[in-house]
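*Asks:* model the following, please.
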Amino acid sequence: MSRGKKLDLFIGADIEDGWAKVDTPRKSLISDEILEPSKHFLFFKKEKRRGKTVTLVGEFHLPQNDSEALLKSLKKKLGCGGTFKDGWMEFQGELKEKLRALLVQEGFKFRSGH
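*Replies:* Numbers count the residues shown, from 1 in each chain. Predicted coordinates for the structure are as follows:
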């Protein structure tokens, strides 16, 4: 019983010296300016990630340690997970109304209509 000829297949790319690293710019610019809570004008976004709803609120202009402390207290009060990325706080679930009430208590303002 003959097995036939062996196929020599090569799938992939040749890596040569001509390759260059491609730098893509950030989607949004991060501001270094720090504002007090009453000067913020926040708004909400709602996104779907892997079939789940994520609520984004921002854009925050706070020092790193203040934003992390605020995020930690909000997550504890809401009983959900979340993170802080590029000046935006992301929370798991649809929490717009609850977040608005908590952030108004902290002294933040919202854009009209949000």
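*Asks:* scan this structure for its longest strand.
*Replies:* strand 41-49 (DSSP state E).
*Asks:* how about residues contacting it?
*Replies:* 53-60, 88, 94, 96, 99-100, 103, 108-111, 114 (Cβ atoms under 8 Å, 6 or more residues apart in numbering). No exception for glycine: its C-beta is placed from N, CA and C like everyone else's.
*Asks:* buried subset of these?
*Replies:* 54, 55, 56, 57, 58, 59, 60, 99, 100, 103, 108 (16 or more other Cβ atoms under 10 Å).
*Asks:* how about the first one: what's its closest non-neighbour residue?
*Replies:* Counting by Cβ to Cβ, 6 or more residues apart in numbering, residue 47 is the residue found nearest to residue 54 once chain neighbours are left out, at 4.9 Å.
*Asks:* find the centremost residue of this protein, please.
*Replies:* The centroid of the chain falls nearest to residue 85 when counting by Cα atoms, centre = their mean (4.4 Å).
*Asks:* the longest helix anywhere in the chain packs against which elements?
*Replies:* Looking across the chain with DSSP state H, the single longest helix is helix 64-78. Using 3 or more Cβ pairs under 8 Å, 6 or more residues apart in numbering; DSSP states H and E as the contact definition, the elements that helix 64-78 packs against are strand 82-85, strand 88-92, helix 96-105.
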